[in-house]
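Participant: What would the 3D arrangement of this be:
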Amino acid sequence: MAEKKKVTYYLGTGRRKTSVARVRVSEGKGQVVINDRPLAEFFTEEKDRAAVMGPLLLTEQANRLDVVVRVAGGGITGQAGAISQGLARAVKTMFSPKTEQKVIVRNHVTMVRSFKAQTKEMAKTAPTAPKPVTPTANADGTPVITAPEDPAAGMLKKIRESGYLTRDSRMKERKKYGLRGARRGVQFSKR
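Facilitator: Model (predicted):
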């Protein structure tokens, strides 16, 4: 009997309006499957496909990662925004340090979720600022700037600064009693 290959999935959840997307990212060939359909079939408009692929193109991982998505609720654009945020969170989990990951193992599948443990010792100590990059001089006096050691830190910074991790809180406003809609009142009649 053939042995099952161990697979590691990195999980992320995204929300936009009333849409919720559960995203699983794994090493692969760059396939994107949404609700058991390929990306081009699920999203017919280019702007929605661009929104979904944004985090992967930003981090240059479009041909390295396979993405499986379950999305429900809302409309097409809301679902695209939810998938975009979920994908960014999953990629962030993939490149975050092991201390911020929660690992769940079932059979031959390993699922990694984002998790930030706050211990009492960590809460007591004040957060330390990262050391600034100091230029050093060569023998001829020209400055040499050293690059950061961890390339994943630069990738996380790109995702954070691009705004893909931020939840877009705009929602439809609820209808109020005594009004026809959220703010629209009944038409005034003089007689």
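
Participant: for the record, mean pLDDT for the longest helix anywhere in the chain?
Facilitator: Under DSSP state H, the helix in the chain containing the largest number of residues is helix 76-95. Helix 76-95 comes out with an average pLDDT of 94.

Participant: Any buried residues in that helix, and which?
Facilitator: Across helix 76-95, burial judged by 16 or more other C-beta atoms under 10 Å covers 77-95. Where C-beta positions appear, they are placed from N, C-alpha and C, glycine not excepted.

Participant: With stretch 44-51 instead?
Facilitator: By 16+ other C-beta under 10 Å, the buried positions in stretch 44-51 come out as Asp48, Arg49, Ala51.

Participant: my read is Asp66 is in a strand, agree?
Facilitator: Yes. Counting by DSSP: H, G, I helix; E, B strand; the rest coil, Asp66 is located in a strand.

Participant: Near it, how many other residues are there?
Facilitator: Other residues lying near Asp66 total 16 when counted by other C-beta atoms under 10 Å.

Participant: Skip the chain neighbours and tell me the closest residue to it.
Facilitator: Closest residue to Asp66 apart from its sequence neighbours, by C-beta to C-beta, 6 or more residues apart in numbering: Gly28 at 3.0 Å.

Participant: gap between the one you found and Pro97?
Facilitator: 23 Å (C-beta to C-beta, to the nearest Å).

Participant: Show me what the longest helix of the chain is packed against.
Facilitator: Under the contact definition 3 or more C-beta pairs under 8 Å, 6 or more residues apart in numbering; DSSP states H and E, helix 76-95 sits against strand 7-16, strand 19-27, helix 46-58, strand 65-72, strand 109-114, helix 151-162.
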